[in-house]
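Trainee: Give me the fold of what follows.
(chains A and B)
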Protein chains: 2
Amino acid sequence: MLDKQKCIRNIDRLVEKAKRSDVNLRPHFKTHQSHEIGRWFKERGISCCTVSSLKMAQYFSDDGWKDITVAFPVNYLEVDLINSLASKIQLNLLVSISDVLPRLLDQLENKVGIFIEIDTGYHRTGIDPSHSNELENVISDIAASPLLEFKGFLSHAGHTYKCRSKAAVEKIYFEEVEVLLDLKSKYRGKYPDLALSVGDTPSASLIDDFSEINELRAGNLVFYDLTQATIGSCDLDQIAIVMACPVVATYPDRGEVIIYGGGVHFSKDYIITESGAVSYGAVVLLNDSGWALPPTEMFVKALSQEHGTVHANAESMRNIKPGDVLGVLPVHSCLMADAMGSYVTLNGERISRLSYFIVSPE
Amino acid sequence: MLDKQKCIRNIDRLVEKAKRSDVNLRPHFKTHQSHEIGRWFKERGISCCTVSSLKMAQYFSDDGWKDITVAFPVNYLEVDLINSLASKIQLNLLVSISDVLPRLLDQLENKVGIFIEIDTGYHRTGIDPSHSNELENVISDIAASPLLEFKGFLSHAGHTYKCRSKAAVEKIYFEEVEVLLDLKSKYRGKYPDLALSVGDTPSASLIDDFSEINELRAGNLVFYDLTQATIGSCDLDQIAIVMACPVVATYPDRGEVIIYGGGVHFSKDYIITESGAVSYGAVVLLNDSGWALPPTEMFVKALSQEHGTVHANAESMRNIKPGDVLGVLPVHSCLMADAMGSYVTLNGERISRLSYFIVSPE
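Mentor: Got it, this is the predicted structure:
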């Protein structure tokens, strides 16, 4: 279930912030993966986006997006789809190690933009900025081909997800910007238009001024989730999606409610609650205007494939019976949304999203 | 990717074991959720199955299965689908608490079988066998309605998943059987045909003689996975599915390979390896006859939405480059298979499975 108003407010806040800092907003669409939600950005003047797979790029290209960055290390094996998309739109690819371009160029047929991914401390993907030779090699490869346009440096400070305060997020963001500004000052003579692009949701939520960089790619904040609330990126009432889960059994002796909602629906990310318990989701009570926190905390303490086990105290248990429907706020909205095929708004409107499934002709 | 031969061998082993013990095999189809794999059981004389949702029951009913147990606490909210299925097939439902039948009966239109779920120690769902009044209430409710047929007692000893030896699994299985036999001896006078149904894969793999019970419902063992290998239910070479993941970046300095394969593909269950590391999957090398373990262990140490980070030593790293495809054995095959839309056999044959997605008309 999607609270469209909350989602729109989250989008508006980001759009306003980008405007104030005069940076290009290239929102990441991997969280919602929905044509309709993409259009909510378009209606606010946003004309480019970020995705994390070529399949998503194709999906949004099909809905009229003409400038898309695939923020995932370029995968040669998908060169046919790269060629097909690059013939239709401004497609930007990510180079995250030094030796991928020669092989890509063997089969590349159309012009693409290239962002070089820089590892500013997350240590997942990206070139170590101290490896000057690697950077030089990539930039020479780009310069040598008429099919490649150097767009700039991109980083994802995913280590902000481990932060638990604004100060900690700021520290990482300022380190990231320092690394990127150094690179810019080194290469801007030759490439005056090169852009610096950053992307994590904690920074996008907690930093006010982005004027030193050129592009913001945050995505999770359309929905937010318990992970972001734990970091401090949002309040619980900014979380815009909830899973509606039927109650199928209650065990008052154990203080447990069993819901139809399991690992296949939520995926299995968890947070540690303030009392030290593992939580796969926070229970909310559904009402006419959406949902509200219950008087006493209830949370999903265990997940099987289809079962969820909710921890509840005696007081809460008294009002819950099989046939009721509880809401569950997600720990990780990207994975929960990905496990579902579509959204339903509070008005009952169905909003579709990209299906990963190959629907067989059977 | 599915190794059909391994899968068929897993099925054959289970079918033979059930025959030897003269118990009814009602395999759980929630793991594979595939018409075609279901038919491999049918070809071996199996005529009934277990599922964990009414949607799965409908899917297998569509392929000619006429006797299906939904091993999930009955959900009133789906009474329309219950009525529709019960008009076509022998549909068995699960009662896991004492007060659900009266409300179901308000709207039930066709005959269904009822299994009473007994909690033999897993403490997820099921009636506590020491709560005689609750049991009596359910059995009276069943007896009072011409639409309900009492089929027997069912349990799922999911706590065997925490075992790490055959002896530990046996202990749980024997406790489970003792509880169920007590109930049978109490009620068999009035219900001479009542069946005892058990279901977990560790027991189905490690116990040889099931002659004391009447029905076996195991499901995960069609594919097995690293969790089952850790318990001791299977060897690594009995695992029948693997995810094929393109390599997109290598970082020799860090001993890490980045693959296209993340939380949306694997879900996020993990095991702890022998060396104490968190593993979201074990890397295997794909070859002409399927796959094989590499000379040195490699495993998925971290998952983002679409990225997987593989831990590899210098020796292994030397032979891996972007554009290669690595295999990853799943930690939990049910969740990984659920995240994918279909299987591809080693011969390239596509095998479809139930799609959870509501494919919109957009």
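Trainee: Helices of the stretch 201-350 of chain A, start to end?
Mentor: Secondary structure of the stretch 201-350 of chain A (DSSP state H, counting those that start in this stretch): helices at A:201-206, A:226-231, A:263-266, A:314-318, A:333-339.
Trainee: And the first one, what's buried?
Mentor: Right, helix A:201-206. Burial within helix A:201-206, assessed by neighbour count using 16 or more other C-beta atoms under 10 Å in any protein chain shown, is assigned to A:T201, A:P202, A:S203, A:A204, A:S205, A:L206. Where you see a C-beta, it was placed from the backbone N, CA and C, and this is true even at glycine.
Trainee: ok so, going back, for my notes, please list the helices of the stretch 201-350 of chain A in a markdown table and give distance to A:N24 for each entry.
Mentor: Converted to a markdown table, those look like this (distance: least, C-beta to C-beta, whole Å):
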| stretch | distance to A:N24 |
| --- | --- |
| helix A:201-206 | 13 |
| helix A:226-231 | 23 |
| helix A:263-266 | 34 |
| helix A:314-318 | 47 |
| helix A:333-339 | 22 |
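Trainee: What pLDDT is listed against the residue nearest to A:C163 when sequence neighbours are not counted?
Mentor: Leaving aside its chain neighbours, A:C163 sits nearest to A:V169 (4.7 Å; criterion: C-beta to C-beta, 6 or more residues apart in numbering or on different chains). At A:V169, the model reports a pLDDT of 97.
Trainee: before we move on, which element is A:V169 in?
Mentor: Secondary-structure element containing A:V169, defined by DSSP states H and E: helix A:166-187.
Trainee: Tabulate the CA atom coordinates of that helix in PDB.
Mentor: Once side chains and other backbone atoms are set aside, the C-alpha atoms of helix A:166-187 remain, and they are given as PDB (Å, rounded to 0.1, in the frame of the first residue of the first chain):
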ATOM      1  CA  LYS A 166      23.600  13.600  11.100                       C
ATOM      2  CA  ALA A 167      27.200  14.400  12.100                       C
ATOM      3  CA  ALA A 168      28.400  11.000  11.000                       C
ATOM      4  CA  VAL A 169      26.700  11.300   7.700                       C
ATOM      5  CA  GLU A 170      28.100  14.800   7.200                       C
ATOM      6  CA  LYS A 171      31.600  13.600   7.900                       C
ATOM      7  CA  ILE A 172      31.300  10.900   5.100                       C
ATOM      8  CA  TYR A 173      29.700  13.400   2.700                       C
ATOM      9  CA  PHE A 174      32.400  16.000   3.200                       C
ATOM     10  CA  GLU A 175      35.100  13.400   2.700                       C
ATOM     11  CA  GLU A 176      33.400  12.200  -0.500                       C
ATOM     12  CA  VAL A 177      33.100  15.800  -1.800                       C
ATOM     13  CA  GLU A 178      36.700  16.500  -1.100                       C
ATOM     14  CA  VAL A 179      37.900  13.500  -3.100                       C
ATOM     15  CA  LEU A 180      35.600  14.400  -6.000                       C
ATOM     16  CA  LEU A 181      36.600  18.100  -6.000                       C
ATOM     17  CA  ASP A 182      40.200  17.100  -6.200                       C
ATOM     18  CA  LEU A 183      39.500  15.000  -9.300                       C
ATOM     19  CA  LYS A 184      37.500  17.800 -10.800                       C
ATOM     20  CA  SER A 185      40.200  20.300 -10.300                       C
ATOM     21  CA  LYS A 186      42.700  17.900 -11.900                       C
ATOM     22  CA  TYR A 187      40.600  17.200 -15.000                       C
END
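Trainee: In terms of secondary structure, what does it contact?
Mentor: Contact here means 3 or more C-beta pairs under 8 Å, 6 or more residues apart in numbering or on different chains; DSSP states H and E; on that basis helix A:166-187 packs against strand A:148-155, strand A:195-198, helix A:201-206.
Trainee: And the longest one, what's buried?
Mentor: For strand A:148-155, a neighbour-count test (16+ other C-beta under 10 Å) marks A:L148, A:F150, A:K151, A:G152, A:F153, A:L154, A:S155 as buried.
Trainee: in the sheet, who's paired with the second one?
Mentor: Here A:F150 sits in beta bridges with A:I114, going by DSSP bridges.
Trainee: got a list of what the residue of chain A most remote from its centre touches?
Mentor: Each residue of chain A has a distance to the centre, and by C-alpha atoms, centre = their mean the biggest one is for A:D253: 39.9 Å. For A:D253, the contacting residues are B:D128, by C-beta atoms under 8 Å, 6 or more residues apart in numbering or on different chains.
Trainee: hmm, 10 Å instead?
Mentor: Going by C-beta atoms under 10 Å, 6 or more residues apart in numbering or on different chains, A:D253 touches A:A314, A:M317, B:D128, B:H131.
Trainee: likewise A:I172?
Mentor: Taking C-beta under 10 Å, 6+ apart, we find A:I172 in contact with A:T120, A:G121, A:Y122, A:A157, A:G158, A:H159, A:T160, A:K162, A:C163, A:D200, A:P202, A:S203.
Trainee: mind saving the C-alpha coords of stretch A:56-75 as CSV?
Mentor: Extracted in CSV, the C-alpha atoms of stretch A:56-75 (Å, rounded to 0.1, in the frame of the first residue of the first chain):
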residue,chain,number,x,y,z
MET,A,56,15.1,-0.8,-15.9
ALA,A,57,16.7,1.6,-18.4
GLN,A,58,14.6,0.0,-21.1
TYR,A,59,11.5,0.1,-19.0
PHE,A,60,11.8,3.9,-18.3
SER,A,61,12.9,4.6,-21.9
ASP,A,62,9.7,2.9,-23.0
ASP,A,63,7.9,5.6,-20.9
GLY,A,64,9.7,8.5,-22.6
TRP,A,65,12.8,9.0,-20.5
LYS,A,66,15.5,10.2,-22.8
ASP,A,67,18.5,10.6,-20.4
ILE,A,68,19.3,7.6,-18.2
THR,A,69,22.3,6.6,-16.2
VAL,A,70,22.8,2.9,-15.4
ALA,A,71,24.6,3.3,-12.0
PHE,A,72,25.9,-0.3,-12.0
PRO,A,73,29.3,-1.5,-13.4
VAL,A,74,28.8,-1.9,-17.1
ASN,A,75,28.2,-5.5,-18.1
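Trainee: any bit of it sitting next to chain B?
Mentor: Yes - contact check for stretch A:56-75 against chain B, using C-beta under 10 Å from any C-beta of the partner chain: residues in range are A:M56, A:D62, A:D63, A:A71, A:F72, A:P73, A:V74, A:N75.
Trainee: Give the burial count for whatever residue of the stretch 51-200 of chain A ends up closest to chain B, as a bare number.
Mentor: Taking C-beta to the nearest C-beta, chain B has its nearest neighbour within the stretch 51-200 of chain A at A:P73, 3.9 Å off. Neighbour count of A:P73, defined by other C-beta atoms under 10 Å in any protein chain shown: 24.
Trainee: Was I right to think it contacts A:D119?
Mentor: No - with contact taken as C-beta atoms under 10 Å, A:P73 and A:D119 are classed as non-touching, separated by 11.6 Å.
Trainee: who in the stretch 51-200 of chain A is up against chain B?
Mentor: Counting by C-beta under 10 Å from any C-beta, the positions of the stretch 51-200 of chain A adjacent to chain B are A:51-53, A:56, A:62-63, A:71-79, A:94-97, A:99-100, A:103-104, A:117, A:119, A:122-128, A:131, A:156, A:158, A:161.
Trainee: hang on, the earlier thing: could you give the angle of the helix holding A:V169 to strand A:148-155?
Mentor: Taking axes from the mean of the first three to the mean of the last three C-alpha atoms, to 10 degrees, helix A:166-187 and strand A:148-155 form an angle of 150 degrees between their directions.
Trainee: Tell me which residues of helix A:166-187 come out buried.
Mentor: A:A168, A:V169, A:E170, A:I172, A:Y173, A:E176, A:V177, A:V179, A:L180, A:L183, A:K184, A:Y187.
Trainee: can you tell me how far the first one sits from A:A157?
Mentor: Using C-beta to C-beta, to the nearest Å, we find A:A168 at a distance of 11 Å from A:A157.
Trainee: picking that back up, what subset of the contacts of A:D253 is buried?
Mentor: Burial by neighbour count, 16+ other C-beta under 10 Å: within those this picks out A:M317.
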